[in-house]
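Student: Dropping the sequence and predicted coords here.
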Amino acid sequence: MADVTFIVDGKKLTAPAGTLLIDACRKAGIEIPAFCYYPGLSLQAACRMCLVRQEKVPKLQTACTTTVAEGQIFYTSTPEIEQARKAMIELLLGNHPLDCPVCDAGGECELQDMTFKYGAGESRMVDVKRHRDEQQWSPAVFYDRPRCILCYRCIRMCGEGMDVWALGIHNRGANSVIVPNDGHQLDCEQCGMCIDVCPVGALTSGTYRYKTRPWEMSHVSTVCTHCGDGCKVTLGVRSTAEGAEIVRADNRDKSGINGDFLCAKGRFSFDFVASADRLTEPLVRNAQGKLEPATWEHAIRVAARKLKEIRDARGGSAIGVIGSNRTTNEENYLLQKFARTVLTTNNIDHARSTDYAAFARALAGTEGKTASLRDIAAASAILLVGGNPTEEHPLLAWLLRTNVRLNRAKLYVANSQPIKLDRQAKATQRLPVGSYKDLAAFLVQGESDFSKALAAEESLVVIFGEEFRGDAAENLVAWGLKRGPNPDSVRFAYLGDYANSRGAADMGLFPDLLPGYVPVTAPGAFAEYANLPATPGKSMPQMLEAAAKGELGALLVVGADTVSRSSLDSAALKNTFVVVQDLFLTETAAVADVVLPAASLYEKSGTVTNTYGDIQMVRKAADRAGVKPDFEILVRLAGAMGVDVATLVPFSKRGTTGDLGQSRGAQAGEADRHAVWLEANGLEPKLSPFDPLAVFDEIARLVPGYTVDRINLFAGNDVHTEPRATPGFVPVGAIQSPSLVVPAHDTLFTSGTLGCYSTTLRQLEEHQSKELAKAAAD
Amino acid sequence: MSANSETLPVFSSALATRFDALVEKYPVKRSALVPMLLYAQDEVGYLSDAVIAEVARRIGITELEVRNVATYYSMLRFKPAGKFNIQVCTNIACMLRGGYEIYERFQQELGIGPKGVTPDGLFSLEEVECIGACCWAPAIQVNYDFHDELDPDLVPGILDQYRNPIQNKGKNA
């Protein structure tokens, strides 16, 4: 809408007509307090904190419901307004318990801050406060009624934001209470958004309550380790005797693609990190065939000696490497480089949860045709095929809902079963079970209303997942690419399961593909790699088959539970020297000869790529004595095998000393900014072979699509990458067979191996399955 | 409720027909919510779980939303009242003219307290806000019948009317 000019506190402001006064003021740096107003949710005007004086209007107006128009004059901080706000706070404090010293919100409570600002420190209320006992609604959510100020944020967030509608309000006036949908229990997605938006300590989190004071935590902004959506998460950490523990996860700074959104996994399931089952010292199989604790030096020496022995005696083809879907890009890149140049084998693979290679092939030769999450959040029309984002990609579901609700985006859903997002869909197309591969043909025919509506959309984002593998994925992409000349006519997003599944594929954890989907057979590919074998290696099942036949001398498994995922008889690995890097003693680790305790994604730095191709920075938050990041383990292994680690990690090119700001003395603050600038320009001294960013330089140089905007990346933003595969690359059939894709289909309350070690997640799952059983019995 | 309540229709067929028409009457279905709750309470006596579930189903909203609205209104109740629900007004006009004496007399006569129900389930008693009969204060309402210009000694007679309706038929007409 056209811009209008109006005056606030004597300052001339300009904003589009119809903008809410509160938004316009906040944008201009004029603070207007509010409890009930929450950007993105419907207006409530319940708290009366945002009262302002509008000239020629007899009464004070709520800034959260007043839209700006030409020539209006407002006052936002006069004695009259301050008195009105003070009175509101006095009323709110009338029954609010002053248990701030023990309240979770103490120190980051909006009511506290407002009281501090506007006064009302003394109450004129003489009656006894009405106490109500605290209620536990689920393992995650607790409700303390006396602290509640009835702002309705939680109700709106749960209903409008999450489309769950699990919270309501009963009774009226001073008797009002927030009520969960199942009487005294919450039957919902357990996302904890209600806790997150609560301005006071009325809703508290089962994982955080009474654990710490907000100011005792350090806050580290990193990326969630659970699903493929890659939400940014701020971890609150605190020192312990063993390192640093995570006490809270949220995203209140609203940084990143997800804003303040996190699902149950991101918000509550960080406790696997502190699980008692964590491996904290290396294990080496002794002469009696038992795994026994060893020092890092001994374990690395044993593993390196044996790997070298097998490589030298039987060649690299006798060694297999299995990578992870949860390690960083740098670690995945290093792993394949280690496999290909040190172990001299192309026998490298990972548990593929979706067919990224087919997606890359389908898009080969195109540019700007992949959709980042930001593209999806702003798309005018979206075709969602298959899957159930509500369960498997909670952030995607959130963005789709929000886009439909706030921007009137048109969502088209084609699925073989009803999904929750049908409710937001403009049109749905029910497909017969198992017929996804025919969808492209069906859409080409264009006879149904559904395909006509799609054809009429000027621009479209197509979101699909593992239902489309191999040719099916290519056919769907080919259909989309024919949509017309408009550069925005179509963009694609391809869904995979884990935090860095996309990164694992992009970084070439394939027997036939190098990083960036470059075939190992391509002439001159990665020429700087010494000893790169030119023939494709074995896929994961082929490696396991070879192991069962006794043909595989050694197997290095990084962050994967191959044995339990492959229905492989664990005895099949008895003639293979197995090295496992993992957080836990998984079934695979239990049969290993050397087990190296690895750091989780929350305990290391690097970058990860979400399933949409958005690269984000991971920063070390927690710490645990005894574990090492996979990056460091690999470098140490290579070093112990006699490799010059500088050939693996390009560090110390300019020597091993650097000016880290010491020389600037009094301008020490300058040093920080200087460091950021150096880092962004790839100039900072890489003094350690354990510095993942040293490898990031090489990734940016060698991997097509990974030359990204570093300054944004290092500032903590997401930057988009596309698989820039060479057109016409032909994958090796048996190695890229769609049957190798085993989707995890993790739900809201499961998360592969990590989920098994998260007590909170198991409790939530149990709670929800009880609720499900109750609902079924009714 | 009886054991086979799930198989029984919640409402009489007449009320069900009325509801069918009611949900069509408004631009949005949920506008029919409050009248439906009131009519349902008149027929069933209170808003049972079954009533709430059925109303939610008919309007297409969750039971939680029905309860959000229903709990707001003090005239909607979630426990059975007596067959005759006596509502004594104690707002200013009635109070000045002895509303509280009437209320106390009812409590004595019935042997129940505020919001109580007699053991035989015949009477229940509650104090209410203005019932719009200030000119004839003090006044009470028994279900939808008004009794006004009362004094405490009239209370036993009123109760008697309801206890023995046939014997007293026409007396008060």
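Tutor: Structure received.

Student: hey, where'd the helices end up in chain B?
Tutor: For chain B, the helices defined by DSSP state H cover B:13-25, B:33-44, B:49-59, B:63-70, B:92-96, B:99-110, B:155-163.

Student: Direction-wise, compare the fourth one with helix B:33-44 and give the angle.
Tutor: Put plainly, it is helix B:63-70. Angle, helix B:63-70 to helix B:33-44, by axes from the mean of the first three to the mean of the last three Cα atoms, to 10 degrees: 90 degrees.

Student: With the first one instead?
Tutor: Our comparison of helix B:13-25 with helix B:33-44, counting by the same axes, to 10 degrees, yields an angle of 180 degrees.

Student: Now find how far off-centre helix B:13-25 is within its chain.
Tutor: A distance of 21 Å separates the centroid of the chain from that of helix B:13-25, by Cα atoms, centre = their mean, to the nearest Å.

Student: angle of it against helix B:49-59?
Tutor: Using the same axes, to 10 degrees: helix B:13-25 against helix B:49-59 is 40 degrees.

Student: helices and strands around helix B:13-25, which ones?
Tutor: helix B:33-44, helix B:49-59 (3 or more Cβ pairs under 8 Å, 6 or more residues apart in numbering or on different chains; DSSP states H and E). From N, CA and C alone the C-beta is placed, and that goes for glycine too.

Student: Redo the helices of chain B as a markdown table? Include mean pLDDT and mean neighbour count.
Tutor: Shown next, in a markdown table, are the helices of chain B (pLDDT from 0 to 100; neighbours: other Cβ atoms under 10 Å in any protein chain shown):
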| stretch | mean pLDDT | mean neighbour count |
| --- | --- | --- |
| helix B:13-25 | 92 | 13 |
| helix B:33-44 | 94 | 18 |
| helix B:49-59 | 94 | 18 |
| helix B:63-70 | 95 | 21 |
| helix B:92-96 | 95 | 16 |
| helix B:99-110 | 96 | 18 |
| helix B:155-163 | 94 | 17 |
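
Student: re the thing from before, out of the helices and strands packed on helix B:13-25, the one nearest chain A is which?
Tutor: Nearest to chain A among these is helix B:49-59; the distance by Cβ to the nearest Cβ comes to 8.4 Å.

Student: To A:Glu766, which of the helices of chain B lies closest?
Tutor: Of all these, helix B:63-70 sits nearest to A:Glu766, with 22.7 Å by Cβ to Cβ.

Student: Could you give the separation of the closest one from the chain centroid?
Tutor: Relative to its chain's centre, helix B:63-70 lies at 19 Å (Cα atoms, centre = their mean).

Student: Show residues contacting that helix.
Tutor: The contact list for helix B:63-70, computed with Cβ atoms under 8 Å, 6 or more residues apart in numbering or on different chains, reads A:165-170, A:179, A:181, B:30, B:33-34, B:37, B:47, B:52-53, B:55-56, B:59, B:76, B:78.

Student: Let me see the domain layout of chain B.
Tutor: For chain B, automatic domain parsing gives the domain ranges B:7-70, B:84-163.

Student: Out of those domains, which is closest to A:Ile81?
Tutor: Using Cβ to Cβ as the measure, domain B:7-70 is the one of the domains of chain B that comes nearest A:Ile81, at 32.2 Å.
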